[in-house]
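Trainee: One predicted model, sequence on top.
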Number of protein chains: 2
Amino acid sequence: MAQNTTIKDIARALGISKSTVSRALADRFDVKPETKKAVMEMAEKMHYRPNPFAQNLIKRRTKIIGVVVPEFINSFFARIIIQIQTVFEREGFHVLITQCNESAEAERRNLQLLEESMVEGILISVTEKGRNTDYYKELIGSGIPLVFFNRAATDVAASRVVIDDYKWAFFAVEHLINVRREMGQPMPRIMHFQGPSEIDLSGLRYRGYADALRKHGLPVDSSLVIRCESITREEGFRMMNRCIVQGTVPDALFGFNDQLAIGAMKALKRKGFHVPQQVSVMGFTESQSALVTEPMLSSVAQPLDRMGETAARLLLEKIQNPASENRTVVLEGLLNVRGSSDPKMLDAE
Amino acid sequence: MAQNTTIKDIARALGISKSTVSRALADRFDVKPETKKAVMEMAEKMHYRPNPFAQNLIKRRTKIIGVVVPEFINSFFARIIIQIQTVFEREGFHVLITQCNESAEAERRNLQLLEESMVEGILISVTEKGRNTDYYKELIGSGIPLVFFNRAATDVAASRVVIDDYKWAFFAVEHLINVRREMGQPMPRIMHFQGPSEIDLSGLRYRGYADALRKHGLPVDSSLVIRCESITREEGFRMMNRCIVQGTVPDALFGFNDQLAIGAMKALKRKGFHVPQQVSVMGFTESQSALVTEPMLSSVAQPLDRMGETAARLLLEKIQNPASENRTVVLEGLLNVRGSSDPKMLDAE
DNA sequence: CTGAAAGCGCTAACAT
DNA sequence: ATGTTAGCGCTTTCAG
């Protein structure tokens, strides 16, 4: 109970040397079959479990990888992590998961923790604000491969897997323009709730928004671009209420994320505006709540499963061959058009 | 780069023995202060990091604990895990998180994984269906303390932290009765969407429901107890639609969980029933979505933070003192009354 | 106060 | 095909 059985115990029990036991356990070719069998049986009988620490000490491999995410209560990262675990556990790795609650400081601590744990690689999605760029580089320099997923630090040489936020924001806005035009508004006023400036993605999605307007001959009106300080339902609610008071309610809204869009939608409905008849609303980053609102929220879905799997494979590649080139994989998104943006979709709900 | 510095390197650099370095690093009292200082500085300079595997090998401690949850995409367990991590990381432990997607088999694999990792303790919330009771006992027997949280296996001697589901279901239903009576219905028909029979909690919450009815002189009508096969929005939607078709729409609904309640609410609204004016709806286990529905969903909130923290402390206690007694901590829930059950709350939204 | 030596459990030359 | 030996990086007697 207190003490686990070791190869030494097995060796003694069988009257052979511990190296033979070790070899037998490793299923080496140079062990007599019957010895092998005897060892296996004795190991089973004595409930032998190899001590991973002794093994690691010698093999200089920990078979542990680390994951750093900004948070995991929003299911977004949780879904990705599940795939990461699936891939790595199949390969015999353990996955150490850390979350930093969007704090760059905590992120740093987590990276330290992982480094001390001698992980063989790290998968990371960086925090909204602040970058530990120096640390990322240091880790890579010291031989611990890093792979970014979803949110990447741009100026670090590492593999990454992301979606093209610019492109999918563009498509989302294009959809809004089309749907409003179908409804007889040739020059719809499309508003954007922009994410905080600290988030790289805010800029990307804004550019997608602006370029979609330009392509379709609509002016990019700065009064229609609302800079949000946070990306919560409450903020969306507050901002849209302000628009209502100011009488600047648009024909359509493209939210930086679902939460902002949901808050805005609530404000609109509360004041008697009809969604989508009067205002089309569109989110980004398909959330659990998108299917709970009424009408259901249109959004851009990201292939979280593939993102997790791809990130895991990229890291595995780096671990198995440290000299392998860095790769950037851009995954496709998916426009989920639902009732909040398109009246035609209302029936289906 | 390839090779980390070891105490041997430090010793050589300083011309002293590695045992002294070891002692200095451990801040032992029997080392000359200046030696200590010199070692510390050299360690810093050479970027010394102790090899945890060598340490573990000797100390026979891994400073790792494991967590097993049924899933973590629903934020429920994620919130608990965050607290667990907070407590244990403060104590210098690593937390290995595993999820088993509600599969008892996967749960068993996860437990094996953790056992092989030589965790010093395990925090577990068991799957809906099936129990690995034999394995739980085996682990405890072999000296790995187990602490249950939220969902516990009843017949295993271990510490646990739970909420009193019976009691809070009782309160929830009592609230529904009261609110309907205030609305002038002396004998309201309260329906219950019961969870699957494999889930222990289904029975507990049902009993709370039934006893609340009895206490208030209402009949327990089996036609008002709908057994659900899953606990999803879709199931709730389906079941309530069936009631609508059959003309058995009740005055109030107590759902086994929020998802069922949200699905039911959607079905009701879709068919023109007013919530809460015609039907009061109440969920359980406060979900993210509860605040997204309109009206917002009344629910029983569980103190997830405290649950995580308490579970962590109970396990820590067991690790530090294996002989300590098993304890059961029952946490209080919280009735969040919102617009879906009580018309008075609608204004506040 | 410090060094030498043993050993944690395991693997991997090197022998035989 | 098996045993002997050394050693991974660290801690901990045991001497001095």
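Mentor: Good, I have the coordinates.
Trainee: Alongside chain B, which residues does the stretch 151-300 of chain A contribute?
Mentor: Taking CB under 8 Å from any CB of the partner chain as the measure of proximity, the stretch 151-300 of chain A contacts chain B at A:233, A:262, A:266, A:269, A:288-289, A:291-294. C-betas here are computed from N, CA, C, even on glycine.
Trainee: from those residues, which has minimum pLDDT?
Mentor: Minimum pLDDT for those is recorded at A:Q288 (88).
Trainee: between the residues of the stretch 151-300 of chain A next to chain B, which is nearest DNA strand D?
Mentor: Here the nearest of those to DNA strand D, counting by CB to the nearest atom of the strand, is A:Q288; it sits at 45.2 Å.
Trainee: correct me, but A:N150 touches A:S125?
Mentor: Yes - counting by CB atoms under 8 Å, A:S125 is a contact partner of A:N150 at 4.5 Å.
Trainee: ok, these two, which is more surrounded?
Mentor: Set A:N150 next to A:S125 and count neighbours by other CB atoms under 10 Å in any protein chain shown: A:N150 wins out with 26 against 23.
Trainee: distance of that one from B:K36?
Mentor: A:N150 sits at a distance of 45 Å from B:K36 (criterion: CB to CB, to the nearest Å).
Trainee: now swap in A:I262 and tell me
Mentor: With distances taken as CB to CB, A:I262 is found 58 Å from B:K36.
Trainee: More neighbours: which of the two?
Mentor: Neighbour count, other CB under 10 Å: between A:I262 and B:K36, A:I262 has more, with 27 against 18.
Trainee: do you know how far that one is from B:A210?
Mentor: Going from A:I262 to B:A210 by CB to CB gives 37 Å.
Trainee: And A:H94, by the same measure?
Mentor: As judged by CB to CB, A:H94 and B:A210 stand 46 Å apart.
Trainee: One more: A:R233?
Mentor: A:R233 sits 36 Å away from B:A210, going by CB to CB.
Trainee: Now do the SS call for A:I97.
Mentor: strand (DSSP: H, G, I helix; E, B strand; the rest coil).
Trainee: and it, how many neighbours does it have?
Mentor: Residues lying near A:I97 (other CB under 10 Å) number 25.
Trainee: for it, what are its contacts?
Mentor: A:66-67, A:69, A:72, A:81, B:95, B:97 (CB atoms under 8 Å, 6 or more residues apart in numbering or on different chains).
Trainee: Run through the strands of chain A in chain order.
Mentor: With DSSP state E applied, chain A shows strands at A:64-69, A:94-99, A:122-124, A:146-149, A:159-163, A:190-194, A:225-227, A:252-255, A:280-282, A:299-301, A:328-331, A:334-336, listed in chain order.
Trainee: Can you tell me which of the ones you listed has the worst average pLDDT?
Mentor: Lowest mean pLDDT within the strands of chain A: strand A:94-99, a mean of 89.
Trainee: now the angle from that strand to strand B:94-99?
Mentor: Relative orientation of strand A:94-99 versus strand B:94-99 (axes from the mean of the first three to the mean of the last three CA atoms, to 10 degrees): 100 degrees.
Trainee: As PDB, could you dump the C-alpha coordinates of strand A:94-99?
Mentor: Written as PDB, here are the backbone C-alpha positions of strand A:94-99 (Å, rounded to 0.1, in the frame of the first residue of the first chain):
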ATOM      1  CA  HIS A  94      -0.600  14.500 -20.300                       C
ATOM      2  CA  VAL A  95      -2.200  17.900 -20.700                       C
ATOM      3  CA  LEU A  96      -1.700  20.600 -18.100                       C
ATOM      4  CA  ILE A  97      -4.400  23.200 -18.500                       C
ATOM      5  CA  THR A  98      -4.000  26.700 -17.100                       C
ATOM      6  CA  GLN A  99      -6.300  29.700 -17.500                       C
END
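Trainee: Which residues belonging to it are considered buried?
Mentor: Judged by neighbour count using 16 or more other CB atoms under 10 Å in any protein chain shown, the buried positions of strand A:94-99 are A:94-99.
Trainee: circling back: who touches both of A:N150 and A:S125?
Mentor: When contacts are counted by CB under 8 Å, 6+ apart, A:N150 and A:S125 have A:77, A:80 as shared neighbours.
Trainee: how about the lowest-mean-pLDDT helix or strand in chain A: buried residues?
Mentor: Across the helices and strands of chain A, the lowest-confidence element by mean pLDDT, DSSP states H and E is helix A:52-59, at a mean of 86. For helix A:52-59, burial by neighbour count (16+ other CB under 10 Å) applies to A:52-53, A:56-57.
Trainee: okay, and for chain A, where does confidence drop off?
Mentor: Along chain A, the model assigns pLDDT under 70 to residues A:1-3, A:349.
Trainee: Give me the subset of the buried residues of strand A:94-99 that also touch DNA strand C.
Mentor: With the criterion set as CB under 7 Å from any atom of the strand, no member of the buried residues of strand A:94-99 is near DNA strand C.
Trainee: Would you format the residues you listed as TSV with distance to B:E332 included?
Mentor: As requested, the buried residues of strand A:94-99 are arranged in TSV below (distance: CB to CB, whole Å):
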residue	distance to B:E332
A:H94	36
A:V95	34
A:L96	33
A:I97	29
A:T98	30
A:Q99	27
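Trainee: bridging residues for the one residue in the stretch 151-300 of chain A that gets nearest to DNA strand C?
Mentor: Here the stretch 151-300 of chain A gets closest to DNA strand C at one residue, A:S159, 28.5 Å apart by CB to the nearest atom of the strand. Under DSSP bridges, the beta-bridge partners of A:S159 are A:V147.
Trainee: Which residues are in contact with it?
Mentor: A:145, A:147-148, A:314-315, A:317-318, A:326-329.
Trainee: Which parts of the stretch 201-349 of chain A are helices?
Mentor: Secondary structure of the stretch 201-349 of chain A (DSSP state H, counting those that start in this stretch): helices at A:233-246, A:258-270, A:304-320.
Trainee: Could you find the residue in the stretch 101-250 of chain A that comes nearest to DNA strand C?
Mentor: Checked against DNA strand C (CB to the nearest atom of the strand), the nearest residue in the stretch 101-250 of chain A is A:M118, 15.0 Å away.
Trainee: One more: the stretch 201-349 of chain A?
Mentor: Closest contact between the stretch 201-349 of chain A and DNA strand C, by CB to the nearest atom of the strand, is at A:Q320 (16.9 Å).
Trainee: Tell me, how many residues neighbour that residue?
Mentor: Per other CB under 10 Å, the neighbour tally for A:Q320 reads 11.
Trainee: Quick check: residues of chain A near DNA strand C?
Mentor: So chain A meets DNA strand C at A:3-4, A:6-8, A:18-19, A:22-23, A:25-26, A:48-51, A:54-55, A:57-59 (CB under 7 Å from any atom of the strand).
Trainee: Recalculate using a threshold of 6 Å.
Mentor: Taking CB under 6 Å from any atom of the strand, the part of chain A that reaches DNA strand C is made up of A:6-8, A:18-19, A:22, A:25-26, A:50-51, A:54-55, A:57-58.
Trainee: gap between A:R12 and DNA strand D?
Mentor: According to CB to the nearest atom of the strand, to the nearest Å, A:R12 stands 11 Å off from DNA strand D.
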